[in-house]
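Student: here are the coordinates; sequence isn't available:
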Ligand SMILES: [Ca+2]
């Protein structure tokens with residue numbers, strides 16, 4: 001960079017000083033990202049022994065295990081090979097019965113939850129059935145997964161992969177969101193076979209709050225733009241180009257799914273980015 005031509009001595013000294021200062025100060029101050037989340041992530045799992053790691057060989061601790069038809073099915077707790085360690089193998093021998101693991105959990109009334117479990121389904125119909133009685137009305141929320149693997153024509157005449165069945169070797173998430181009713185303080189989670197000759201493995205049950213509020217604050221220097229992106233790559237918020245001289249940004253993002261991680265990306269005027277994950281650990 002050249003000193004302006006024709007500048008007299010004092011101006012020239014000032015210019016050199018200005019250059020010196022510009023070299024000593026970093027390109028821009030490091031931005032700080034602060035994230036406040038209510039409720040914090042990951043939200044607590046309200047199911048006890050959700051990973052089935054304790055119990056005896058037939059039944060996980062804290063869970064019921066029963067069929068509607070006596071001896072219509074079986075339950076086995078296997079201690080290895082699950083999505084995490086132990087898991088439960090559920091078989092139902094006829095379409096005349098259900099075969100359910102069940103557990104009552106406390107919930108807040110009038111609140112959005114998400115619930116589900118991981119399932120490896122070889123054949124038949126798996127249901128997650130959430131129910132309770134509230135003022136003599138039945139609260140009833142369900143999610144299903146079906147596999148043609150139990151059909152007599154599979155695999156001799158029709159290969160399983162020709163049907164719209166899940167892979168019998170992969171864990172599938174079966175779950176949904178639902179709102180509890182006013183006056184409802186419990187829900188009874190049922191996981192298992194639903195009136196279909198079925199064979200499945202179940203692990204990793206979950207019930208927890210479905211939504212959180214994330215408040216993002218960026219400070220510590222000049223900020224050109226702030227973005228929030230989920231770990232699935234969905235854009236949650238984009239501040240757009242901020243006014244020159246912006247040195248503080250605070251933005252509240254309500255109703256965000258609790259089963260995600262969020263990346264906050266703050267861009268400085270020179271284009272450099274400062275980013276942070278929430279939660280930090282997966
Ligand atoms: Ca497990």
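Tutor: Received it, and whenever you're ready, just let me know what you need. Only a predicted model underlies this, so the values are computations on that prediction, with no experimental measurement involved.

Student: Residue 168: what's it in contact with?
Tutor: Neighbour list for residue 168: 120-123, 147, 149, 160 [criterion: Cβ atoms under 8 Å, 6 or more residues apart in numbering]. Bear in mind the C-beta positions are built from the backbone N, C-alpha and C, glycine included.

Student: got it, and residue 226?
Tutor: Residue 226 touches 216, 218, 237-239, 242, 249, 251, 264-267, counting by Cβ under 8 Å, 6+ apart.

Student: Any chance of JSON lines for the residues you listed, columns distance to residue 195 and neighbour count?
Tutor: Shown next, in JSON lines, are these (distance: Cβ to Cβ, whole Å; neighbours: other Cβ atoms under 10 Å):
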{"residue": "216", "distance to residue 195": "48", "neighbour count": "25"}
{"residue": "218", "distance to residue 195": "54", "neighbour count": "27"}
{"residue": "237", "distance to residue 195": "45", "neighbour count": "17"}
{"residue": "238", "distance to residue 195": "48", "neighbour count": "12"}
{"residue": "239", "distance to residue 195": "52", "neighbour count": "18"}
{"residue": "242", "distance to residue 195": "58", "neighbour count": "18"}
{"residue": "249", "distance to residue 195": "54", "neighbour count": "17"}
{"residue": "251", "distance to residue 195": "49", "neighbour count": "14"}
{"residue": "264", "distance to residue 195": "47", "neighbour count": "23"}
{"residue": "265", "distance to residue 195": "49", "neighbour count": "16"}
{"residue": "266", "distance to residue 195": "54", "neighbour count": "25"}
{"residue": "267", "distance to residue 195": "56", "neighbour count": "20"}
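
Student: Which ones among the contacts of residue 168 map onto helices?
Tutor: Judged by DSSP state H, helices contain none of the contacts of residue 168.

Student: which of those residues count as buried?
Tutor: Among the contacts of residue 168, the ones that count as buried by 16 or more other Cβ atoms under 10 Å are 120-123, 147, 149, 160.

Student: quick one on the thing from earlier: closest to the ion out of the contacts of residue 168?
Tutor: The closest of the contacts of residue 168 to the ion turns out to be residue 120 (Cβ to the ion; 11.8 Å).

Student: what pairs with the closest residue to the ion within the stretch 151-282 of the chain across the strands?
Tutor: Residue nearest to the ion within the stretch 151-282 of the chain: residue 203 (4.4 Å; Cβ to the ion). Following DSSP bridges, residue 203 is listed with bridge partners residue 118.

Student: Distance of it relative to residue 172?
Tutor: Distance of residue 203 to residue 172, given as Cβ to Cβ, to the nearest Å: 11 Å.

Student: do the same with residue 190
Tutor: Residue 190 is 17 Å from residue 172, by Cβ to Cβ.

Student: just residue 206 next, same as before
Tutor: Taken as Cβ to Cβ, the span from residue 206 to residue 172 is 14 Å.

Student: Next, give phi and psi for residue 210.
Tutor: In this entry, residue 210 is assigned phi and psi values of phi -90, psi -20 (degrees, to the nearest 10).

Student: Let me see the contact set for it.
Tutor: 112-114, 177, 257-258.

Student: Next, count neighbours for the closest residue to residue 47 other than its chain neighbours.
Tutor: Closest residue to residue 47 apart from its sequence neighbours, by Cβ to Cβ, 6 or more residues apart in numbering: residue 205 at 4.7 Å. Using other Cβ atoms under 10 Å, residue 205 has 27 other residues around it.
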